[in-house]
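**Q** Here is the input, now give the coordinates:
(2 chains)
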Amino acid sequence: MIPPDFEYVAPGTIDEAVSALAAAGEDAKVIAGGQSLMPLLRLRLAAPTTLVDLGRIDELRGVREDGDTLVVGAMTTYYDVLRNPLVGKHALLIAEATRTVADPQIRHRGTLGGGLAHADPAGDLCAPVLALDAAMTVAGPSGRRTIGSADFFVDYFTTALQPDEILVEVRIPKHTDWAARYEKFSRIAQDWSIVAVAATVEVDGGVIRQARVALTNMATVPVRARGVEEALIGQQASEELIRAAAEHAVEGTHPIADGNADAEYRSHLAKVLTRRAVATAAGV
Amino acid sequence: MTATTEPEVGKARLRKEDEHLITGRTRWTDNIVLPGMQYLAILRSPLAHARITGIDAGEARSMPGVVAVFTGADLAAEQGSLPCAWPITDDIKTPPAPSLAVDTVNFAGEAVAVVVARSAYEAHDALEAIVVDYDELPVVLDLETAAAGGDLVHPDLGINVSAVWTFDSAEAGTGGDVEEAIRDAEVLIERTFRQQRLIPAFMEPRSVVVDPTGAQITMWSATQIPHILKLMLAMTLEIPETRLRVIAPDVGGGFGGKLQVTPEEVIALLVARRLGKPVKYTESRGESMLAAHHGRDQIQKLTLAARRDGTVTGFKVELLADMGAYLRLVTPGIPILGAFMFNGIYKFGAYRFSCTNVFTNKVPTDAYRGAGRPEATFAVERIMDELAVELSRDPLELRAQNWIKHEEFPFDTVAGLTYDSGNYEAATAKARELFGYDELRREQAERRERGDAVQLGIGVSTFTEMCGLAPSRTLGALSYGAGGWEHAVIRVLPTGKVEVVTGSSAHGQGHETAWSQIVTDQLGIPFEDVEVLHGDTQTSARGLDTYGSRSLAVGGIAVVKAAEKVIAKAKPIAAHLMECAEDDVEYTAGRFRVRGTEKAVGISDVAMAVFAAHDLPDGIEPSLDSEATYDPDNFSFPHGTHLCAAEVDTETGQVKLRSYVCVDDVGHVVNPLIVDGQVHGGLAQGIAQALYEEAEFDESGTLLSGSFAQYLVPSAVDLPSFTTGRTETPATGNPLGVKGVGEAGTIASTPAVVNAVLDGVRHLGVRDIEMPCSPMRVWQAIHTAQGGAR
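**A** Got it, this is the predicted structure:
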């Protein structure tokens, strides 16, 4: 279909974007890579009065280090995230998940910040960001604030971003040289995750020193699998340990039912995929 | 002059049409812009069954850019009923099929009103301002319930059953009595299989442009069937054929989905005529999935009778086929195309087929790649595996025991067809070798032994299909509304270049290249000198278009016949040019030669002499142009053996195809690249039915699979690298020995994959899995078989 009429602005700086968004009123919408919003516009499921395009704001792109933190600009494309050696070094889990997003065309257009702000429960970067305890820096008319990932994802397609705020950067605590695995389960390569599990571990001499695990599409928001982590931390990595730990994967989840999976099957998948993700990450 | 040294036919030439098709710098219908053109947008019913009690288009009419809004009432007097050209029985029930709904809507997505505006954007904006009042009616969705009675889709018909069509080998004299075979059977296999609904998902959505200015109405449409469309529009709308011209410009795929006379084409024509201005309608992908016809949708109840030694003695097939809400162009005949194929490549003693065609409140079904034959092949190839399991026999060996032996051709089948040729032994032996059958069986046994999480399944499917549609008499006997001939014209231009006009219009198949290769050999001219014209009823006055793997086996032969006439016309002129008697001239390898000498001329020498016409023999017409209409005597019967290795993850239910080998026998091959392309695409579509695709509706009749986010079309990354092999057993019914390949891959791959999935998990107690074999279905089947709670 064809979208309804809308105004379009493409500011060159974050400040201009914040002003443009404020000026456009509450029915305005920010567009990043457009990979989720464009289909909604074409189907007339979204009908914003104004689109504020962040595509020309250079300061929103790129990856840099800030002490113990890796900072990824919100408008950094998936392709650029994947290509960046700092991400592979300090947040391998992000790279592993990014690799599974859709197809090359989409990875060249879509952005990390866009995906997080869209907050699709089946979106692939939300769970890794949650697992890594990342924080989001957002800019609004009253300045900047930081929102922890545990508070950022509020509900189905809903974040803590206010309508007049823009996601500026994702601040990821460095998990330098941690092993990671994003175990994604979908029916075809370009499909959304039915369930996916993000796992990253620090293994030393066969012992799991640290573990962070989060689940994609097991609730309206990404879910941190604390029970799994607790069962793993400090233990000698083994198949039996991981199998037992993975049984905790469904704690705190609220799986939906759709044509691809009912709640029972989703819960089953969560356990199997958690086991596989952790085992692969831990090299077991 | 390559043709005199090395034949063109058989060469793996890159397709000459690909540069413009792949880059898109070409004539798609939606690229056409005419002066003063208006744009249409169609309002579609959100309800599957309802009475329309009022339509308020007042606000829409006053919106910016809006020229007009028409409802069904506005067009009722002239829109007629969309044609059904295949009334399979004398007492078939055919409800009126308005293009724009008048008082009731019978499926969600049916056209209710059309907005005409100066831009497509304004037309779409106005759609939202139209208010339609509906009184909801009971929605009929389930095929078995609908067949049994209850709520009616069309209360005026008094029944949901449109027609019942039967074939019985005892009555037809082609075999024994199936009931007797069942009664005497030592082994009886009874199964019910479901063919899910599929969406053709052609790459280019449908689009139509109509120009009513001038004496003639011209329609450009993304259609497979410009000739049939022109005739049907003329008959439906009572427009003289002489006043209609239909052009199928470059068309981006069809798979049967554009073998249709659509409501949108009729609406566009009527609106253009009424306004006296050109109009364009291009559907969105969502509209295409919602409102363009779907495919398949059958329930197959099967009974196979056999002896303990594995000999099949009878096969009884009882089908329920979902027509959807209306009978479109060939809707009722699609399951009937399968009626002659349920015996596959086998010698069954007795056969009975019955099909009950049923209305539901869903978008109509109609042709989809394979049309009837994939359903039949699935049924027989699945149940042959079931018999093999029952008798603890190797599935290939059991098939070999029952198939028609090479030396038995031509063979009259129990379904009443005569298979002219085939070599199932050769194709199967080659497939087995390419696949590494014995080695994979060993690996399978080891994995079972170890209880691996990922099990290996090996799937087998053989197939044959009737294609090259079709002998006109046979179609007549089946109550089909047209013949099955095809037409070709060859125009020899003064410079010796040649235009070939074919009535079989391509929508991606590669006719331009294949026809050029044929004509190159026939006329002894360079490949580059042949131009193929098609798809315009003004250029190509006669034709029956492209479907049913008919183009090469019928249209290609018409080209050969026309070329033979060109040669016959050229021969006396060539003799005259070489100053010898016509009897002394022989035509070999593209040259006219004086027998026993080095003296020779080519068609281009003759062409210039004909153009000048200064010195032709007495009584000779100064033209080499020739035409031919070819009506085949029989169908052609490609066949093949497909083998699939599937890894089934028993923990998740995920199926991954590890290898896929097919050996197809499509007779002589004109261009191996085109054949491979057809096979690859066909395999992808057939595998998609087995594993991925399904048009699903909710309980209110709303299509749930309305976008590619829900309707899962696999891409190359989801599929294994295919190994395609060939054997060449020429068709005996045509001079090229060709059979057709457009549907082969689709037909054989679905059962091969499902057989592989089941072979991978049968030892866990699984008996059947419905298509598509999604991970959840596979996991649930295993989980249930293992005693898990469900």
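**Q** And the strands in chain A?
**A** A:7-9, A:28-31, A:50-53, A:63-66, A:69-73, A:135-140, A:143-148, A:153-155, A:158-159, A:166-173, A:179-185, A:195-204, A:207-216, A:223-224 (DSSP state E).
**Q** Could you list every helix and strand in contact with the fifth one?
**A** With contacts taken as 3 or more Cβ pairs under 8 Å, 6 or more residues apart in numbering or on different chains; DSSP states H and E, strand A:69-73 sits against strand A:63-66, helix A:85-90, strand A:166-173. Every residue, glycine included, has its C-beta placed from N, CA and C.
**Q** Neighbouring strands of it in the sheet, and parallel or not?
**A** Strand A:69-73 has the following strand partners under DSSP bridges: strand A:63-66 (antiparallel), strand A:166-173 (antiparallel).
**Q** Also the second one?
**A** Based on DSSP bridges, the strands next to strand A:28-31 in the sheet, each with its direction, are strand A:50-53 (parallel).
**Q** Flag every buried residue along the partner strand.
**A** A:50-53 (16 or more other Cβ atoms under 10 Å in any protein chain shown).
**Q** again with stretch B:559-575
**A** Here stretch B:559-575 shows B:559-567, B:569-575 as buried, counting by 16+ other Cβ under 10 Å.
**Q** what's around the residue nearest to residue A:213 when sequence neighbours are not counted, how many residues?
**A** Nearest residue to residue A:213 in three dimensions, chain neighbours excluded: residue A:225, at 4.1 Å (Cβ to Cβ, 6 or more residues apart in numbering or on different chains). When neighbours are counted by other Cβ atoms under 10 Å in any protein chain shown, residue A:225 registers 33.
**Q** I figured residue A:245 hits residue A:228, correct?
**A** Yes. With contact defined as Cβ atoms under 8 Å, residue A:245 reaches residue A:228; the gap is 5.0 Å.
**Q** Which neighbours do those two have in common?
**A** A:274, A:278 (Cβ atoms under 8 Å, 6 or more residues apart in numbering or on different chains).
**Q** got the residues of the stretch 1-150 of chain A near chain B?
**A** A:1-2, A:4-5, A:42-44, A:103 (Cβ under 8 Å from any Cβ of the partner chain).
**Q** hmm, 10 Å instead?
**A** A:1-5, A:39, A:42-44, A:47, A:103 (Cβ under 10 Å from any Cβ of the partner chain).
**Q** what about residue B:565, distance to residue B:624?
**A** 9 Å (Cβ to Cβ, to the nearest Å).
**Q** ok, back up a step: as a markdown table, the strands paired with strand A:69-73 with mean pLDDT would be great.
**A** As requested, the strands paired with strand A:69-73 are arranged in a markdown table below (pLDDT from 0 to 100):
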| stretch | mean pLDDT |
| --- | --- |
| strand A:63-66 | 98 |
| strand A:166-173 | 98 |
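**Q** Pick the most deeply packed of the ones you listed.
**A** strand A:166-173 (a mean of 24; mean count of other Cβ atoms under 10 Å in any protein chain shown).
**Q** What are the boundaries of the helices in the stretch 51-200 of chain B?
**A** Assignment of helices within the stretch 51-200 of chain B using DSSP state H, counting those that start in this stretch yields the ranges B:58-61, B:72-79, B:120-127, B:143-148, B:169-172, B:178-183.
**Q** which stretch among those comes nearest residue A:13?
**A** helix B:120-127 (31.4 Å; Cβ to Cβ).
**Q** buried ones in that closest one?
**A** In terms of neighbour count (16+ other Cβ under 10 Å), helix B:120-127 has its buried residues at B:120-127.
**Q** for stretch B:62-71, same thing?
**A** Of the residues in stretch B:62-71, B:63, B:65-71 count as buried by neighbour count, 16+ other Cβ under 10 Å.
**Q** Pick out the most distant pair among those.
**A** B:65 and B:71 (19.2 Å).
**Q** Next, find the distance separating the residue nearest to residue A:209 when sequence neighbours are not counted from residue A:223.
**A** Using Cβ to Cβ, 6+ apart and skipping the chain neighbours, the partner closest in space to residue A:209 is residue A:202 (4.6 Å). For residue A:202, the distance to residue A:223 equals 21 Å [Cβ to Cβ].
**Q** more neighbours, those two?
**A** For the pair residue A:202 and residue A:223, the greater number of neighbours falls to residue A:223 (26 against 18), based on other Cβ under 10 Å.
**Q** beta partners for that one?
**A** residue A:215.
**Q** Which residues are in contact with it?
**A** A:121, A:126-127, A:130, A:153, A:213-217, A:249-255, A:270 (Cβ atoms under 10 Å, 6 or more residues apart in numbering or on different chains).
**Q** what do you get for residue B:605?
**A** Taking Cβ under 10 Å, 6+ apart as the criterion, residue B:605 is in contact with B:496, B:570, B:573-574, B:577-578, B:591-592.
**Q** Please flag which of those residues sit within helices.
**A** Among the contacts of residue B:605, the members falling in helices (DSSP state H) are B:570, B:573-574, B:577.
**Q** Could you check the pLDDT of residue 1?
**A** Since no chain was named, I'll use chain A. pLDDT recorded at residue A:1 is 56.
**Q** nope, chain B
**A** pLDDT for residue B:1: 40.
**Q** ok, now residue B:622?
**A** We have a pLDDT of 96 for residue B:622.
**Q** Which secondary structure state is assigned to it?
**A** Here residue B:622 is recorded as coil under DSSP: H, G, I helix; E, B strand; the rest coil.
**Q** Would you mind giving the buried residues of helix B:120-127 as JSON lines with pLDDT and distance to residue B:475 added?
**A** Formatted as JSON lines, those follow (pLDDT from 0 to 100; distance: Cβ to Cβ, whole Å):
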{"residue": "B:120", "pLDDT": "96", "distance to residue B:475": "40"}
{"residue": "B:121", "pLDDT": "94", "distance to residue B:475": "45"}
{"residue": "B:122", "pLDDT": "96", "distance to residue B:475": "46"}
{"residue": "B:123", "pLDDT": "97", "distance to residue B:475": "41"}
{"residue": "B:124", "pLDDT": "95", "distance to residue B:475": "42"}
{"residue": "B:125", "pLDDT": "95", "distance to residue B:475": "47"}
{"residue": "B:126", "pLDDT": "97", "distance to residue B:475": "44"}
{"residue": "B:127", "pLDDT": "96", "distance to residue B:475": "41"}
